[in-house]
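K.L.:
based on what follows, work out the 3D shape:
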Amino acid sequence: MHHSINIKNLSYTYPDGHQALNNISLSIAPNERVALVGPNGAGKSTLMLHLNGILSGEGSIQICDLVASKDTIGQMRSMVGLVFQSPEDQLFSPTVYDDVAFGPLYQNLPMPEVEGRVADALAAVAMEGYARRVSHHLSVGEKKRIAIATVLSMKPEVLVLDEPTAGLDPRARRSLINLLRELPMTMLVSTHDMLMVGEIFPRMVILDEGSVVADGPTRELMNNIDLLEMHGLERPCMPPGFD
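P.N.:
Predicted coordinates for the structure are as follows:
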C-alpha cells in the first residue's frame with residue numbers, strides 16, 4: 001500500500017540522555033488527516049521534527065517514496081510542510097510576499113512560477129490581499145495563516161502542524177479549523193485542542209512517554225474515557241450526534 005508517511009521503529013534520545021521517542025511505528029495514507037495527541041513531554045514535537053530532517057534518530061522514515069537520509073534532507077523538507085506552533089519562528093521577512101516566496105526562491109524557480117505559487121498559497125489560506133503587508137503587524141490568527149502559506153508555496157505532499165489553534169481567540173480558531181478542513185492534503189496535526197480533533201480528524205494517535213499507546217478512529221478513542229484519563233486527556237463536550 002502507498003503511504004504519504006511511513007515510520008518504522010523510530011527511537012530518539014536527546015544528548016542529555018532523555019529518551020523522547022521509543023520504537024514508534026506509524027503509517028499515514030495519502031490525504032488522510034491524523035491528530036497526534038498526548039500530554040506535554042509525550043514526544044509529539046520531537047516526532048514532527050523527524051519528518052523533515054531537523055532531528056534524526058534510529059529507525060526509518062519514508063515520505064511517499066523517499067527514504068529519509070542525509071542525502072535526501074533537502075527533498076524531504078520540500079515534501080513535508082512543517083508549521084511551527086509560533087508563527088514568529090516562521091515569519092522573518094519584510095513583507096508577507098517575501099515570507100511566502102522564500103521557499104520557491106530557495107528552490108531556484110523562475111520568477112513567474114514563484115509569483116504564481118505565492119498567489120496560489122495566499123488564496124489557499126484566504127489571504128489574497130495581504131502580499132504587501134508587514135507580517136509583524138498582523139494578528140496571531142493572520143500570522144498562522146501566513147505561516148501555513150509559507151509551506152504551501154513549496155507544494156508539499158504532507159502538511160504537519162504543531163498546535164495550530166494555540167493562542168487564537170474563538171473567531172480566529174474557528175476560521176483556522178475551517179481552513180484546515182478544506183485543504184485537500186495529507187495532514188498530521190499535534191494538538192491539545194480535542195474539540196478540533198473530534199471535528200475534523202477521523203483518526204487519532206495518542207502518544208505518551210515516547211510511545212504510541214493508541215491509534216484508531218477518533219470516535220472510538222474519544223469514547224474511551226479511561227484511556228483518555230490515563231494519558232492526561234479529556235473528552236470534550238462533542239456536538240449532538242457524535243456518539
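K.L.:
how about low-confidence regions in this protein?
P.N.:
Residue ranges of the chain with pLDDT under 70: 1, 238-243.
K.L.:
could I get the full set of helices for it?
P.N.:
Taking DSSP state H as the test, the helices found in the chain are 44-50, 73-79, 96-106, 111-124, 140-152, 170-182, 194-200, 218-222, 225-230.
K.L.:
helices and strands around the second one, which ones?
P.N.:
Where contact means 3 or more CB pairs under 8 Å, 6 or more residues apart in numbering; DSSP states H and E, helix 73-79 is packed against strand 66-67. Backbone N, C-alpha and C define where each C-beta goes, glycine included.
K.L.:
residue 90 is nearest to which of the helices of the chain?
P.N.:
Distance to residue 90, taken as CB to CB, is lowest for helix 140-152 among those, at 4.2 Å.
K.L.:
wait, which of the helices of the chain is closest to residue 16?
P.N.:
Of the helices of the chain, nearest to residue 16 by CB to CB is helix 44-50, at 13.0 Å.
K.L.:
gap between the closest one and the chain center?
P.N.:
Distance of helix 44-50 from its chain centroid, counting by CA atoms, centre = their mean, to the nearest Å, is 10 Å.
K.L.:
same deal with stretch 25-40?
P.N.:
That offset, for stretch 25-40, works out to 9 Å (CA atoms, centre = their mean).
K.L.:
now that stretch: buried residues?
P.N.:
26, 28, 32, 33, 34, 35, 36, 37, 38 (16 or more other CB atoms under 10 Å).
K.L.:
distance check, the last one against residue 184.
P.N.:
Distance check for residue 38 against residue 184: by CB to CB, to the nearest Å, it reads 27 Å.
K.L.:
before we move on, what about the third one?
P.N.:
Counting by CB to CB, the gap between residue 32 and residue 184 amounts to 12 Å.
K.L.:
with the second one instead?
P.N.:
According to CB to CB, residue 28 and residue 184 sit 15 Å apart.
K.L.:
and for residue 42?
P.N.:
From residue 42 over to residue 184 the distance is 29 Å, taken as CB to CB.
K.L.:
for those two, indicate the residue with more neighbours.
P.N.:
Taking neighbours as other CB atoms under 10 Å, residue 42 and residue 184 compare with residue 42 leading, 24 against 7.
K.L.:
isn't that one up against residue 210?
P.N.:
Yes: using CB atoms under 8 Å, residue 42 makes contact with residue 210 at a distance of 7.1 Å.
K.L.:
residue contacts, the nearest residue to residue 115 once chain neighbours are set aside?
P.N.:
Leaving out its chain neighbours, the residue that sits closest to residue 115 by CB to CB, 6 or more residues apart in numbering is residue 101, at 7.8 Å. By CB atoms under 8 Å, 6 or more residues apart in numbering, the contact list for residue 101 reads 114, 115, 117, 118, 153.
K.L.:
number of nearby residues for the third one?
P.N.:
What that stands for is residue 117. Counted with other CB under 10 Å, residue 117 comes out at 22.
K.L.:
please apply the same query to the fourth one.
P.N.:
Applying other CB under 10 Å, we find 25 residues neighbouring residue 118.
K.L.:
next one: the one 3 residues further on
P.N.:
Other residues lying near residue 121 total 23 when counted by other CB under 10 Å.
K.L.:
please apply the same query to residue 206.
P.N.:
For residue 206, using other CB under 10 Å, the count is 24.
K.L.:
and it, how far from residue 20?
P.N.:
The gap separating residue 206 from residue 20 is 16 Å, by CB to CB.
K.L.:
ok, now residue 58?
P.N.:
Remark: distance between residue 58 and residue 20 (CB to CB) = 12 Å.
K.L.:
joint contacts of these two?
P.N.:
Counting by CB under 8 Å, 6+ apart, the residues touching both residue 58 and residue 20 are residue 12.
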